[in-house]
Every structure is written in C-alpha cells, then in structure tokens.
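Chemist: Have a look; sequence and predicted model below, questions after that.
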Amino acid sequence: KAGVTQTPRYLIKTRGQQVTLSCSPISGHRSVSWYQQTPGQGLQFLFEYFSETQRNKGNFPGRFSGRQFSNSRSEMNVSTLELGDSALYLCASSYMQGGVNTEAFFGQGTRLTVV
Amino acid sequence: GENVEQHPSTLSVQEGDSAVIKCTYSDSASNYFPWYKQELGKGPQLIIDIRSNVGEKKDQRIAVTLNKTAKHFSLHITETQPEDSAVYFCAASLVDDYKLSFGAGTTVTVRA
C-alpha cells in the first residue's frame, strides 16, 4: 500500500507570492491533517479535514487555508508569503475506526523556502 | 490548549544501553499519546502509541509508560542500536479530536 504522498518535495517562493501544496493520503484514509515544522516552533497543527469538511483548525492566520476533495486528496494554500513561512509542511492521514481516528501516518513533507 | 513538554532535548547513549525520554502534558482530557521517530529528510514515523486506558505498552525493544495522575508519559528504548539515532517526538491529543500537540523533540545519538 502506498504511503502518504506530498508534492512538490521542495519549493522556493518569493515574499508576497502564494503557494499551493498537495497531499494524497493512504488509500482508504479519509482524514487529512496538516502540520508546520520549524526549528523554532517545532511541529504545529494547521488544520484537519474529513469528508471535505474542516473539522479542526490551529492557531494560524487566515493566510493559511486548505481544502479536501471527494477522493480525500487535500491541498493547502498560503497567500502573501512571509519569510517566516519557510518551513517543512507535513501532511498526515488516518482512517476512522469505531467513530474515532486511528494513528496518523505522515508524508515526507514539502520544504518551502521563502526568499 | 494542550502543552506538551519533552526532556531531554538531546541524549547520547552507548550502543546497547537504554534510552529514556520523558514528556508531560497539561490537558487532563488528553487520552491518546503517540511517539514518532523522524530521520533526516523524512517525515515523522509512528513507533508506538498508548491510550489512557492502558498504563504500559511494549513492542520489542520499545516501551511506553503512562501516568495519568501525574500527566506524564515516557519512551524507553532498550539495547539501543546505531539505527535508533534520530529525533523522537512525543505528542498528545484526544482520541476523537485529531489535533496532535507535539513536544519539542529529543535528538538521540547512539555511539558505536
């Protein structure tokens, strides 16, 4: 079974631009979460989607947004990029069992550099 | 919100020795505690997890213990090997609320 796939692996963008990152979850997983990883702040939760609905959101500004498609694939968008948005963006997928999410499986991440 | 503290930040052990990483959490409602291993250039990989109805869980050389009263949980790695060298993260969440709050990470180095 294929793991969580994130594309692209690396991105370099200029301050003020916007960027879209993509995540394909493990087949059968309908929950997709996004995390930002930086040396200073560590791993921080961005948002989680299930069946195309955002169920939970972290403490990030409105410049960070996401969506999920009917095939469970998810995208996140960051508008008006700032230097501080440089980070590794990780996607994790999980499936529901007995009404609760099971363990989260992470992708390799997208390394975003803002210059 | 949930706050997870992790200690130590770095840990160097001789091959074959044991390694212990400790975490504390603030929200008594948290009931799911996974541990992740992250190698350079890769995403975090789940190595073991524990739910609040269990006090200890083992998987070969890895074990996790949970003390809900004290709100702390620990990762124990026995008979460490060079391939155990990585960054380890603890996390906490509610089982039905998939928002993981992570500790700051522990860089483990196993000396041959």
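Modeler: Received it, and whenever you're ready, just let me know what you need. Quantities reported herein were computed from a predicted structural model and do not represent experimental measurements.

Chemist: Within its sheet, name the partner strands of the helix or strand bottoming out on mean pLDDT in chain B and how each one runs.
Modeler: The helix or strand with the lowest mean pLDDT-type score in chain B, counting by mean pLDDT, DSSP states H and E, is strand B:97-102 (a mean of 86). Strand B:97-102 pairs in its sheet with strand B:86-94 (antiparallel), by DSSP bridges.

Chemist: And the strand it pairs with, how far out from the chain middle?
Modeler: In terms of Cα atoms, centre = their mean, to the nearest Å, the centre of strand B:86-94 is found 5 Å from the chain centre.

Chemist: Residues contacting it, please?
Modeler: A:43, B:2, B:4, B:6, B:21, B:23, B:25, B:27, B:29-39, B:44, B:47, B:73, B:75, B:99-103, B:105-108 (Cβ atoms under 8 Å, 6 or more residues apart in numbering or on different chains). Just so you know, the C-beta spots here come from the backbone N, C-alpha and C atoms, and that holds for glycine as well.

Chemist: Counting neighbours, which bits of the following helix or strand past the least confident helix or strand of chain B end up buried?
Modeler: On the C-terminal side of strand B:97-102, the nearest following helix or strand under DSSP states H and E is strand B:106-111. Of the residues in strand B:106-111, those buried by neighbour count under the rule 16 or more other Cβ atoms under 10 Å in any protein chain shown are B:106, B:108, B:110.

Chemist: Distance check, the first one against A:Q18.
Modeler: In this case it means B:T106. According to Cβ to Cβ, to the nearest Å, B:T106 stands 35 Å off from A:Q18.
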